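In: got a predicted structure plus its sequence, pasted below:
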Amino acid sequence: MSPVFRLEQVSKSFKRGHETIHALRDVNLNIPEGAFFGIVGTSGAGKSTLLRLLNLLETPTSGQIYFHGQPLSGLQGQPLRHYLSKVATIFQHFNLFHGKTVLENIELPLLVRGVARTVRRQKATHLIEMVGLQGLEQAYPSQLSGGQKQRVGIARALVGDAEVLLCDEATSALDSETTTVILDLLLRLKQQLKLTVILITHSWDVVRYAADSVTLIQEGRNRESGEVRDLLHDADSYLGRQLLPAPDLGCTPQPGWVRYDLLLADVRSQSTFFSDAARRLNVTAAVVSGGVERLGGFEAARFKVDFDLRDQAPAVREALSSILREKSIVLGKVA
């Protein structure tokens, strides 16, 4: 996929009295078109500053940001209005107008642009149906739940035919059940409307559930980036291990046993894979820890498994490694 955004050596600094705050430092990043891209990091890491650069609420101190290959610096007039119509934002605290109805809130961006009333109404009504707010057109924000308010925010952001949706901690004010519902909605809208969704979050659970690509921001730098599948398959990837951790029970293998840390590419085989491998070599296997998780629309399984290789010839050990690599990725082993 070609990048919808490309960041080259982007830095952002702020003055606080006599002190200079370096919010971002030399960030290089490609965000693929059509991705559900997670930007994860702790509070103060710089992820919100990065999002504010993308929606032009801030400008870089140095470096350049490109949108479909065109630099964002110096946008004015019609090119600026066009960009802001294509890149929309939803917020953690919804930012709805409490004196306006659901329908009026969603229509507002088109009203500001001078779009005719009949067209505004048609587009807003269509988005209301897409986000599941039928029957609430005349309700006010005070009458809505948190999840419903965020649905209004999503519809308002998309009513101008945006192609990129920036999500500023869009689920952090919601409970876990509502978060899942909103993430499912974003995933469905991404598919239906061919969107690129960029979501900043401090929650690994949110990234695990929805993102197909991710970058980690630490102390203003993007430490690691990539597609989730590739990161999982990289035994040296910190992001990969955070996305699919295997519980560490704190115990070591028994003498003569070997523990393998395995990632299964085909979770359908996970229920019999270990026992089949042990049976083929006439050795005993014991699952120490593990499980299956949904990650960005697909399932992955990570297990730690002990094999009893006491008094086994080197050829058996080599055969076991070969069998395990046929159907899984060996992230590591402990003898």
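Out: It's in.
In: could I get the helix or strand containing residue 148 in CSV with only the CA atoms?
Out: Using DSSP states H and E, residue 148 sits in helix 146-158. The C-alpha atoms that make up helix 146-158 are tabulated as CSV, following Å, rounded to 0.1, in the frame of the first residue of the first chain:
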residue,chain,number,x,y,z
GLY,A,146,-21.1,8.0,25.7
GLY,A,147,-21.1,5.5,22.9
GLN,A,148,-23.9,7.4,21.1
LYS,A,149,-22.1,10.7,21.5
GLN,A,150,-19.0,9.2,19.8
ARG,A,151,-21.2,7.8,17.0
VAL,A,152,-22.4,11.4,16.4
GLY,A,153,-18.8,12.5,16.4
ILE,A,154,-17.9,9.9,13.9
ALA,A,155,-20.8,10.7,11.6
ARG,A,156,-20.0,14.5,11.8
ALA,A,157,-16.4,13.8,10.9
LEU,A,158,-17.3,11.7,7.9
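In: what residues of stretch 193-201 count as buried?
Out: 195-201 (16 or more other C-beta atoms under 10 Å). C-betas here are computed from N, CA, C, even on glycine.
In: got a list of contacts for that stretch?
Out: With contacts defined as C-beta atoms under 8 Å, 6 or more residues apart in numbering, stretch 193-201 is touched by 4-5, 31-41, 47-48, 50-51, 54, 158, 162-172, 186, 189-190, 206-207, 210-211.
In: that's a helix at residue 180, yeah?
Out: Yes: according to DSSP: H, G, I helix; E, B strand; the rest coil, residue 180 belongs to a helix.
In: for it, give me its contacts.
Out: Residue 180 touches residue 209, counting by C-beta under 8 Å, 6+ apart.
In: just the strands from this structure, written as ranges.
Out: Assigned by DSSP state E, the strands in the chain fall at 3-16, 19-32, 36-40, 62-67, 70-71, 87-91, 164-168, 196-201, 213-218, 221-227, 257-264, 285-295, 298-308, 328-334.
In: JSON lines please, covering the ones you listed and showing distance to residue 123 and mean pLDDT.
Out: Shown next, in JSON lines, are these (distance: least, C-beta to C-beta, whole Å; pLDDT from 0 to 100):
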{"stretch": "strand 3-16", "distance to residue 123": "23", "mean pLDDT": "93"}
{"stretch": "strand 19-32", "distance to residue 123": "26", "mean pLDDT": "93"}
{"stretch": "strand 36-40", "distance to residue 123": "24", "mean pLDDT": "95"}
{"stretch": "strand 62-67", "distance to residue 123": "23", "mean pLDDT": "96"}
{"stretch": "strand 70-71", "distance to residue 123": "26", "mean pLDDT": "93"}
{"stretch": "strand 87-91", "distance to residue 123": "13", "mean pLDDT": "93"}
{"stretch": "strand 164-168", "distance to residue 123": "16", "mean pLDDT": "95"}
{"stretch": "strand 196-201", "distance to residue 123": "20", "mean pLDDT": "95"}
{"stretch": "strand 213-218", "distance to residue 123": "29", "mean pLDDT": "94"}
{"stretch": "strand 221-227", "distance to residue 123": "33", "mean pLDDT": "93"}
{"stretch": "strand 257-264", "distance to residue 123": "44", "mean pLDDT": "87"}
{"stretch": "strand 285-295", "distance to residue 123": "33", "mean pLDDT": "81"}
{"stretch": "strand 298-308", "distance to residue 123": "33", "mean pLDDT": "84"}
{"stretch": "strand 328-334", "distance to residue 123": "46", "mean pLDDT": "79"}
